[in-house]
Structures are given as structure tokens and as C-alpha cells.
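# no sequence on this one, just coordinates:
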């Protein structure tokens, strides 16, 4: 289970950045807390969402993306493995 802290959000952002994605916070009419822009490696997160929603949205995207494990260091690879093995219970 992920803790709802800024540190957790930063870990998720760093994981995506290391995998080659850019995380941006924008305003917009989001059905969910985040989206992946078509044919790009940009993740857009609703900047008006609360911390819990941001973490849930970014974690769900990170779970669904095909991330090359070889780009990550050991800690990030373990974090990604943990993320893919668990479901969010917020």
C-alpha cells in the first residue's frame, strides 16, 4: 500500500522521469487525475487534484505503462515491482 505523502508522489515522478516520461501539472477537465498524451511520453496530471488523487492517478499510469526495467536503478525497479504487485487502497 502506498502512503499518501509528497515523498511518494516524488518517487512516482522520478520513476516516470527515469523511464523517459515527462510529468506536467496542468489545469483541465479530467475524468481521472492524469492522462498520457497520445504518441508522446508526457503524463499530464490535474494540478487541482488533491495529493491522494494525484498519487492514485500517477500510480495507475505507472502500473499500466511498459517501462524498461533496465533504465531503472535497483530501488526504482523494486518500487515498480511493488507497485505492479499491489492495488491501491485509498
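That came in fine, so what should we check first? Owing to the predicted nature of the structure, the values given are computational and were not obtained by experimental measurement.
# Contact partners for residue 26?
44, 45, 46, 47 (Cβ atoms under 8 Å, 6 or more residues apart in numbering). For every residue, glycine as well, the C-beta is placed using N, CA and C.
# switch the cut-off to 7 Å
Residue 26 is in contact with 44, 47, counting by Cβ atoms under 7 Å, 6 or more residues apart in numbering.
# and what of residue 47?
Contact criterion Cβ under 7 Å, 6+ apart gives 25, 26, 27 as the residues in contact with residue 47.
# Hmm, residue 45 and the last one touching each other?
Just to be clear, that refers to residue 27. No - the pair residue 27 / residue 45 is not scored as a contact, 10.5 Å apart, by Cβ atoms under 7 Å.
# So those two - more neighbours on which side?
Using other Cβ atoms under 10 Å, the more surrounded residue of residue 27 and residue 45 is residue 45, with 25 against 9.
# Skip the chain neighbours and tell me the closest residue to the more buried one.
Leaving aside its chain neighbours, residue 45 sits nearest to residue 34 (4.3 Å; criterion: Cβ to Cβ, 6 or more residues apart in numbering).
# Count the neighbours of residue 85 for me.
8.
# go on, residue 9?
With other Cβ under 10 Å as criterion, residue 9 counts 19.
# Shouldn't residue 24 be within a strand?
Yes - counting by DSSP: H, G, I helix; E, B strand; the rest coil, residue 24 is located in a strand.
# residues touching it, list them.
Residue 24 neighbours (Cβ under 7 Å, 6+ apart): 42, 44.
# how near is it to residue 3?
24 Å (Cβ to Cβ, to the nearest Å).
# tell me the pLDDT at the most centrally placed residue in the chain?
The centroid of the chain falls nearest to residue 58 when counting by Cα atoms, centre = their mean (2.8 Å). pLDDT, residue 58: 91.
# Kindly report the same for the one 5 residues further on.
If you check residue 63, the pLDDT there is 88.
# helices and strands of this structure: which one bottoms out on pLDDT?
Least confident element among the helices and strands of the chain, by mean pLDDT, DSSP states H and E: strand 34-36 (a mean of 75).
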